[in-house]
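Trainee: one predicted model, sequence on top.
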Amino acid sequence: MTELTEFQKKIAALLDGLELRMNEPMAKHTSFRVGGGAEVMAFPKNVRELAELLKVSALLDCKCAILGAGTNVLAPDEGISGLVICLKDCLDGMERLSDNRIRVMAGVTMSRAAVFAANLGLSGLEFAHGIPGSVGGGVYMNAGAYGGEICQVCDRVEVMDRQGNTRWLRNAEMEFSYRHSVLETTSDIVICAEFSLTPAQPETIKARMKELIGKRSASQPLDLPSAGSAFKRPKGGYAAALIEQAGLKGFRVGNAGISEKHAGFAVNLGGATAADVKELLQTVSDRVFAQSGIRLEPEIRIW
């Protein structure tokens, strides 16, 4: 058994009763299936435990990383020192607030939220049905697909600061833009989000969701580990088209490669490392820039 670090001993003593895992492999908690051990990974069960974790982190002067479903994260091979708080199975629950509004906790997957809304006869989250991440992560990065984005339906968001205090932010205060929100600069954590939707027939909503899932399955490499779209959509083009025009469809570095099915996806072909993926992304960006003059920026969050 590996001897505990001083930080591990301190946090275990201060957080007796909370679920903590020492040297937990990040590869187990990211869709890319890449990443070394987190010195301490914590799994809070509710808002109170999350606040307690943040206060202890501040007390120990430790920066903590927040992990949701891990579907848009590339974790480092060498692991992460300090504390990682995993919210995937925390902050769960959904409720109807009025005829057209729902509240969804941050740990709920985007897919579950879309199905919940559809069953209530509320339209607006159909685009989210195939997005694998959590609502918290979706709000944080203003996730979107097939013409829909979180910012179009998100009314307000409850957030917690790193001292454990909560407050509400209206849509305008979230400063949503393409794959961005103000939370990227404040480091606040999403607790829940409220959505304003449009009444419609459940059958019509579900038919649209089925149509979008069909498009996703037909065009995306869902059979291989990835973190979704590898690059942000650039001005003046589409990432996948630019990559394909540069002759990089199927290009690989080590065991990471550009998907043969969809050039916008970087995939783990089996045993890829974070170093493989980072070199792949950089090389693709450089070659596309050399050919087109357009610089591709990663949509994947590189820790």
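Mentor: Happy to help now that I have it.

Trainee: for Val108, grab phi and psi.
Mentor: The phi/psi pair for Val108 (degrees, to the nearest 10) reads phi -70, psi 140.

Trainee: repeat that for Cys86.
Mentor: Cys86 has phi and psi values of phi -100, psi 120 when expressed as degrees, to the nearest 10.

Trainee: cool, and Val267?
Mentor: phi -130, psi 150.

Trainee: how about Cys62?
Mentor: phi -120, psi 130.

Trainee: and for it, the neighbour number?
Mentor: 16 (other Cβ atoms under 10 Å). Where C-beta positions appear, they are placed from N, C-alpha and C, glycine not excepted.

Trainee: so who does it touch?
Mentor: 7, 11, 82-83 (Cβ atoms under 8 Å, 6 or more residues apart in numbering).

Trainee: swap the cut-off to 7 Å and go again
Mentor: Going by Cβ atoms under 7 Å, 6 or more residues apart in numbering, Cys62 touches 7, 82-83.

Trainee: and it, what pLDDT?
Mentor: You'll see Cys62 listed with a pLDDT of 88.

Trainee: I'd like to know how many residues surround the closest residue to Leu15 other than its chain neighbours.
Mentor: In space, and not counting its chain neighbours, Leu15 is closest to Val56: 5.8 Å by Cβ to Cβ, 6 or more residues apart in numbering. As a burial measure, Val56 scores 20 neighbours (other Cβ under 10 Å).

Trainee: look up how far Pro76 lies from Val56.
Mentor: Per Cβ to Cβ, to the nearest Å, Val56 is found 24 Å from Pro76.

Trainee: now do Leu67
Mentor: 13 Å.

Trainee: who's more crowded, those two?
Mentor: Higher neighbour count among Leu67 and Pro76: Leu67, with 23 against 16, using other Cβ under 10 Å.

Trainee: got the phi and psi for the more buried one?
Mentor: Per-residue torsions, Leu67: phi -120, psi 130 (degrees, to the nearest 10).

Trainee: that older thread, buried ones in the helix or strand encompassing the residue nearest to Leu15?
Mentor: Assigned by DSSP states H and E, Val56 falls within helix 47-59. The neighbour-count check on helix 47-59 (16 or more other Cβ atoms under 10 Å) flags 47, 49-54, 56-57 as buried.

Trainee: now swap in stretch 194-211 and tell me
Mentor: 194-197, 200, 205-206, 208-209.

Trainee: quick revisit: got the contact list for the helix holding Val56?
Mentor: Applying Cβ under 7 Å, 6+ apart, the external contacts of helix 47-59 come out as 11, 14-15, 18, 42, 44, 64, 83, 85, 90-91, 160, 162-164, 191.

Trainee: how does it look with 8 Å?
Mentor: Contacts for helix 47-59 (Cβ under 8 Å, 6+ apart): 11, 14-15, 18, 42, 44, 63-64, 83, 85, 87, 90-91, 160, 162-164, 166, 189, 191.
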